[in-house]
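Requesting a structural model of the entry that follows:
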Amino acid sequence: MRVDLFDFELPEAAIALRPPTPRDAGRLLVVQPGEPFEDRAVRDLPGLLRPGDALVFNDTRVIPARLTGIRHRPGSPGLRMEAMLHLRAGLDTWRAFARPAKRLAPGDRVAFGRHGTSEPCDLGGLDATIQEKGEAGEITLRFDLSGPALDAAIAATGSLPLPPYIAGKRPTDAQDATDYQTVYAARPGAVAAPTAGLHFSESLLADLDAAGLHRHRVTLHVGAGTFLPVKADDTQDHRMHAEIGILTAETADALNRTRAAGGRIVAVGTTALRLLESAADAQGRLHPFSGPTEIFITPGTPIRAVDALMTNFHLPRSTLFMLVSAFSGLETMRAAYAHAIEHGYRFYSYGDSSLLFPAGR
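Numbers count the residues shown, from 1 in each chain. Now for the predicted structure:
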């Protein structure tokens, strides 16, 4: 499909720079194809679902994946650079998006966390070698540290990777360390938050339990590729970056039993949906999954494993707006976003949310 079909005009003022407080105070637009839109609140969610439905949460935890440092090369002056980690490729290896990528090359040494261009790489800290250089500014970094020692060094050296549309307008601060993490985050590895989950407070989770709804967890370590614009003119020419996901056999079995008993599977966020669809067979039955997924969901892609989707409002021309258009229909979602803009909904990671139901069911 043409990528420009997924474009729309968004006023700058609609982009949320801070989340609602408390977490569950956000607005919720209910989108049922063929029905009028409903303006509700996130706190209404327990009453919008049925007892026996199962919500699926992504329990990934955001790491401080934005690293700054100095590139060192024999015979060349030091160069200030930034690397956004996006996919762990080994105990000592990460793929990253780098700036300025054009001035980097395999074999270059990088000293992260130090800022003087004359500083050598042997002062201790977090050092790496550029192993490979790919397309669109991507590099592969092999660090001198490995495993838990590398994790600790990244945590000490890196900074929180707020999305560009927030970070470009204000600096990251201490409040973001709490705001940009779900209350149920458990498994470190994401470089972007599963933002639909940011709306859930402990009290809302308790209300879901009291309403007879089931809660399950999966893990998809969200990569920085989620921030990348689609530069191709046609969706078939866009390449997704891999993300690592885990669906256990126990959770897959529980969700299959939910559907067999007449309940619905409700994905909390596009990340949970992408993982579930990666793990589903042609009949919609879920199987254990562990490893990378590059699934790209666009209109025409069958949705087999998910019956409802809670998600925030996404960027124009983004793979995520394409996903929600595949789920509820392109014309329905264009109308829903126009409604949201007209009625003052807040957009993107710190914005309001929506509850979507599928087209044609």
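
How about residues contacting stretch 4-20?
26, 165-166, 169-170, 179, 198-199, 230, 233, 316-318, 321-322, 325, 330, 334, 337-338, 341, 344-352 (Cβ atoms under 8 Å, 6 or more residues apart in numbering). No exception for glycine: its C-beta is placed from N, CA and C like everyone else's.

Give the PyMOL command for selecting the buried subset of these.
Selection of buried members from the contacts of stretch 4-20 for PyMOL, criterion 16 or more other Cβ atoms under 10 Å:
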select buried, resi 26+165+166+179+198+199+230+317+318+321+322+325+330+334+337+341+345+346+347+348+349+350+351+352
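
Helices - which of the contacts of stretch 4-20 land there?
Taking DSSP state H, the ones among the contacts of stretch 4-20 that sit in helices are 165, 166, 179, 321, 322, 325, 330, 334, 337, 338, 341.

The fifth one reaches residue 236, doesn't it?
No. With the criterion set as Cβ atoms under 8 Å, residue 322 and residue 236 do not qualify as a contacting pair; they are 11.8 Å apart.

Longest strand in this structure, please.
strand 76-90 (DSSP state E).

So which elements touch it?
strand 66-73, strand 93-99, strand 109-112, strand 138-143, strand 243-247 (3 or more Cβ pairs under 8 Å, 6 or more residues apart in numbering; DSSP states H and E).

how about JSON lines for the ones you listed, with mean neighbour count and mean pLDDT added?
Below are the helices and strands packed on strand 76-90 laid out as JSON lines (neighbours: other Cβ atoms under 10 Å; pLDDT from 0 to 100):
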{"stretch": "strand 66-73", "mean neighbour count": "21", "mean pLDDT": "93"}
{"stretch": "strand 93-99", "mean neighbour count": "21", "mean pLDDT": "94"}
{"stretch": "strand 109-112", "mean neighbour count": "22", "mean pLDDT": "95"}
{"stretch": "strand 138-143", "mean neighbour count": "20", "mean pLDDT": "96"}
{"stretch": "strand 243-247", "mean neighbour count": "24", "mean pLDDT": "95"}
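
Now the residue lying farthest from the centre of the chain: phi and psi?
In the chain, the residue that sits farthest from the middle, by Cα atoms, centre = their mean, is residue 75; the gap is 40.3 Å. Main-chain torsions, residue 75, degrees, to the nearest 10: phi 80, psi 0.

what's the answer for residue 291, then?
phi 140, psi -170.

is it in a bridge, and if so with what?
Counting by DSSP bridges, residue 291 is bridged to residue 245.

what about it, how many neighbours?
Using other Cβ atoms under 10 Å, residue 291 is surrounded by 9 other residues.

what do you get for the one 10 residues further on?
The burial count assigned to residue 301 is 14, neighbours taken as other Cβ under 10 Å.

so what's it up against?
residue 326.

That one belongs to a helix, doesn't it?
No. Counting by DSSP: H, G, I helix; E, B strand; the rest coil, residue 301 is not part of a helix but coil.

Flag the helix or strand of the chain with the lowest per-element mean pLDDT.
helix 164-167 (a mean of 86; mean pLDDT, DSSP states H and E).

C-alpha coordinates for it, PDB please?
Taking C-alpha atoms only, helix 164-167 is exported to PDB below (Å, rounded to 0.1, in the frame of the first residue of the first chain):
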ATOM      1  CA  PRO A 164      12.500  12.300  19.700                       C
ATOM      2  CA  TYR A 165       9.200  14.200  19.700                       C
ATOM      3  CA  ILE A 166       9.600  14.700  23.500                       C
ATOM      4  CA  ALA A 167      13.300  14.900  23.800                       C
END
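
re the thing from before, quick check: the gap between the residue farthest from the centre of the chain and residue 108.
12 Å (Cβ to Cβ, to the nearest Å).

Strands of the stretch 201-350 of the chain, start to end?
214-221, 243-247, 265-268, 289-293, 308-312 (DSSP state E, counting those that start in this stretch).

winner for burial among those?
Of all those, strand 265-268 carries the top mean neighbour count, a mean of 28, counting by mean count of other Cβ atoms under 10 Å.

Give me the contact list for it.
49, 53-58, 194, 196-197, 200, 255, 258-259, 273, 276, 305-310.
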